[in-house]
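Engineer: heads up, no residue letters with this:
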């Protein structure tokens, strides 16, 4: 049965099977493929649904059934859907995306192809639900596609994709040439980017994004393939083309347009130099040709280097920023593309400690290191076009900052969004927020997304975005559902393996991986389990701290979110207090025989003690309980033996 039961449902005791012999009627090849793959077995007509029909309209009769049956009006959001299950399965929605969601919900609800009859209804409470990531490296294109399928399964509809220097530019190949050299330099060791940003210069600098494209770049044809994959699954891509600030990739081979000429790692172009716009608009033309986007995020965050070059000295910082936004806005408007920017520079903001930030004027006491003063920028908010869309990543600060955007008429989306930390969600949505986008500022790989808590935030968001009556009392239950949903998605394809509950005696402080801080695997390698089988084969199952195991205490939420997807944290009350265990699944090769032994081989470089509480081998069947008790020797090393 579904881990995410629709809130509005009414099922009978009668049911039928999704059968390989059913008629499937839709003009969406991807939906038909999902349905066919989920119903490989043929059942007799008398116990099968006759067909699955995806209907791109919502008749008044269905609206009336929803209103009378569930006490709610059918949503105006085109992604809302209703499903009626009687002799057939009929999915109704106002958009193809809604039909795809409805079809996937049917498949998720089916247990061994069997569904109870009745009706259910689902509707999102916001327009924008998505993720922000970097382009993948060439070798990780298959993972990118699996990540898109993951987003679809969570009913996300937007992917913001940072482009920067990680896509081929045919008009300006020097951008890519400079990008490759730059990434080798910055990627020399973990946290070199942070050292350059925070410890090297006497001025504030942008964060450095050399994980984009994994330090390389994709051809335009490769990117078009990614766009087509997203389009087929009704995921809208919003390219992010950093400009004015965060534009190191433009300046590497064009030092003549640097705003700060004495910065070897310059990140801001001169807005008084026509050559800046000639280059940027050439780049935009190629991005628009590849993506055919409705909107582009043009960055403009972390704008610190202002009026430093000879052409800009003495000019108003507010006007420099505003005129740059307006000029880019008007160029995009001529191409029928909406402009989005990160919006913190439009706020006269204060941190929790009362220090100025965002678009306020501030000096070195705001930073972790000495820096020159930065002028105020926030008055530009009154000078900008009202159709400029704002990504609001100061949502965790006073809620009143939302109103600074609303009162000026800017469309607004919560950016860098962590739904587990959001307060006053319903009120803020009712005030006009369009939704949320969760960000990963690291390499686009499963391990990075998991350990940064991005997968957990997306799973939690998939519940939040579709709950029309959310309140803070639901948070604990939503967290439990998010853990369970991720665990099912992360391990659902494993048919043969060993399920283990274990913990380590390490309790490292949680630390994410972003802006040039890499996952250094050797730091987290605790060794592994050496498994031998009756046919003489063996396998090595790596135990990695933060990926499939953590410590007993895990006092930080993020410490638990870090392992979600591969692993399910289990809360245990002991005579020492609350402790945590970690259930994880290791896949085994199909050809292995029965289990002979299971031995922990520690990594001497990371001398953590690992305790196994339960373990069980499974083969072609789900396992919810453990039938084999662990035997742990006094040295804590040899754990399980079957003879």
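Structural biologist: Here it is on my side, so go on. Computed from a predicted model, the values in this text were never measured in an experiment.
Engineer: what's the helix or strand residue 227 falls within in contact with?
Structural biologist: Using DSSP states H and E, residue 227 sits within helix 220-232. Contact partners of helix 220-232, identified using CB atoms under 8 Å, 6 or more residues apart in numbering, comprise 29-30, 135-136, 138, 141, 144-145, 148, 159, 161, 167-168, 170, 218, 236-237, 286, 290-292. In this view, the C-beta of every residue, glycine as well, is placed from N, C-alpha and C.
Engineer: go with 6 Å
Structural biologist: Helix 220-232 is contacted from outside by 30, 145, 148, 167-168, 237, 290-291, using CB atoms under 6 Å, 6 or more residues apart in numbering.
Engineer: Out of the residues you listed, which comes closest to residue 182?
Structural biologist: Of all the contacts of helix 220-232, residue 182 sits closest to residue 167, with 15.0 Å by CB to CB.
Engineer: Any idea what that closest one is bridged to?
Structural biologist: Beta-bridge pairing for residue 167 (DSSP bridges): residue 218.
Engineer: Pull the number of nearby residues for it.
Structural biologist: Residue neighbour count, defined by other CB atoms under 10 Å, stands at 27 for residue 167.
Engineer: Tell me how far it lies from residue 381.
Structural biologist: With distances taken as CB to CB, to the nearest Å, residue 167 is found 31 Å from residue 381.
Engineer: which among the contacts of helix 220-232 gets closest to residue 244?
Structural biologist: Nearest to residue 244 among those is residue 167, at 19.3 Å by CB to CB.
Engineer: Distance-wise, check that closest one relative to residue 542.
Structural biologist: Using CB to CB, residue 167 is found at 34 Å from residue 542.
Engineer: Show me what counts as buried in the helix holding residue 227.
Structural biologist: Neighbour-count burial for helix 220-232, with 16 or more other CB atoms under 10 Å as criterion, is recorded at 220, 222-223, 226-227, 229-230.
Engineer: for the stretch 501-643 of the chain, what are the low-confidence residue spans?
Structural biologist: Along the stretch 501-643 of the chain, the model assigns pLDDT under 70 to residues 620-643.
Engineer: how many neighbours does the residue nearest to residue 462 when sequence neighbours are not counted have?
Structural biologist: Once flanking residues are discounted, residue 462 sits nearest to residue 154: 3.7 Å by CB to CB, 6 or more residues apart in numbering. Per other CB under 10 Å, the neighbour tally for residue 154 reads 26.
Engineer: Can you classify the spatially most central residue of the chain by secondary structure?
Structural biologist: Closest residue to the average C-alpha location of the chain: residue 131 at 4.2 Å, with CA atoms, centre = their mean. Under DSSP: H, G, I helix; E, B strand; the rest coil, residue 131 falls in the strand class.
Engineer: So it sits against residue 438, correct?
Structural biologist: Yes. Checked against CB atoms under 6 Å, the pair residue 131 and residue 438 is within contact range at 5.3 Å.
Engineer: what's the closest of the contacts of helix 220-232 to residue 554?
Structural biologist: For those, the residue nearest residue 554 by CB to CB is residue 148; the value is 30.8 Å.
Engineer: List the buried residues in the one helix or strand that closest one maps to.
Structural biologist: Using DSSP H and E, residue 148 sits in helix 141-153. Of all the residues in helix 141-153, those buried under the rule 16+ other CB under 10 Å are 141, 143-145, 147-148, 150-153.
Engineer: re the thing from before, with distance to residue 4 added, can I get the buried residues of helix 220-232 in a markdown table?
Structural biologist: Shown next, in a markdown table, are those (distance: CB to CB, whole Å):
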| residue | distance to residue 4 |
| --- | --- |
| 220 | 38 |
| 222 | 34 |
| 223 | 32 |
| 226 | 27 |
| 227 | 29 |
| 229 | 24 |
| 230 | 23 |
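Engineer: Apart from its chain neighbours, what residue comes closest to residue 265?
Structural biologist: Nearest one to residue 265, counting by CB to CB, 6+ apart, is residue 196 at 5.6 Å.
Engineer: now do residue 341
Structural biologist: Spatial nearest neighbour of residue 341, chain neighbours left out: residue 300 (4.2 Å); criterion: CB to CB, 6+ apart.
Engineer: give me every residue that touches the one you found.
Structural biologist: Neighbours of residue 300 in contact, by CB under 6 Å, 6+ apart: 244, 341-342.
Engineer: what's the answer for residue 438, then?
Structural biologist: With the criterion set at CB under 6 Å, 6+ apart, residue 438 makes contact with 131, 417, 454, 457-458.
Engineer: any idea how far residue 422 is from it?
Structural biologist: Using CB to CB, residue 438 is found at 11 Å from residue 422.
Engineer: Which parts of the stretch 251-400 of the chain are strands?
Structural biologist: Secondary structure of the stretch 251-400 of the chain (DSSP state E, counting those that start in this stretch): strands at 295-299, 338-342, 348-350, 356-358, 389-392.
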